[in-house]
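> can you look at this prediction? I've put the sequence above it.
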Amino acid sequence: MAKKSKDKRITIHLECTSCRTSGMPGVARYTTQKNRTNNPKRLELRKYCKYEHKYTLFKEVK
């Protein structure tokens, strides 16, 4: 059963900002969920990038 569009928890994709600027967009991505009511803005987290072998900033993409 598909989720309704008014559900509070939505699935989002996080993408590595340093990989994106270096010319490899879409390589390093994480999928997670967030609560739309508590976090209406785009999410930014420091996660491990397996292509750069270090912790970098990951931002939410559409």
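It's in.
> can you pull out the helices in the protein?
17-21 (DSSP state H).
> give me the pLDDT value at the residue nearest to the spatial centre of the chain.
Averaging the C-alpha coordinates of the chain gives a centre point, and the residue nearest to it by Cα atoms, centre = their mean is L14 (1.4 Å). According to the prediction, L14 has pLDDT 95.
> what of M1?
Model confidence at M1, expressed as pLDDT, equals 55.
> distance from stretch 39-55 to the middle of the chain?
Taking Cα atoms, centre = their mean, to the nearest Å, the mean C-alpha location of stretch 39-55 is offset from the chain mean by 7 Å.
> lowest-confidence helix or strand of this protein?
Among the helices and strands of the chain, helix 17-21 carries the lowest confidence by mean pLDDT, DSSP states H and E, at a mean of 89.
> about what we covered before: so the residue nearest to the centre of the chain bridges to which residues?
Here L14 sits in beta bridges with Y30, E60, going by DSSP bridges.
> so it touches T56, yeah?
No. The pair L14 and T56 fails to qualify as a contact (Cβ atoms under 8 Å) at a distance of 10.6 Å. Any C-beta I mention is one placed from the backbone N, CA and C, and that applies to glycine too.
> next, show the common contact partners of these two.
Shared contacts of L14 and T56, defined by Cβ atoms under 8 Å, 6 or more residues apart in numbering, are found at K47.
> any figure for the gap between the residue nearest to the centre of the chain and K6?
Using Cβ to Cβ, to the nearest Å, one obtains 23 Å as the distance from L14 to K6.
> same question, C16
31 Å.
> which one of these two is surrounded by more residues?
Remark: of C16 and K6, C16 carries more neighbours, 25 against 6, as counted by other Cβ atoms under 10 Å.
> so what's that one up against?
For C16, the contact set (Cβ under 8 Å, 6+ apart) comprises 27-29, 47, 49, 51-52, 56-58.
> one more time with 6 Å
Under the criterion of Cβ atoms under 6 Å, 6 or more residues apart in numbering, the contact list for C16 reads 28, 49, 56, 58.
> V61 now?
Applying Cβ under 6 Å, 6+ apart, the residues near V61 are 13, 15.
> do I10 as well
By Cβ under 6 Å, 6+ apart, the residues touching I10 are R36.
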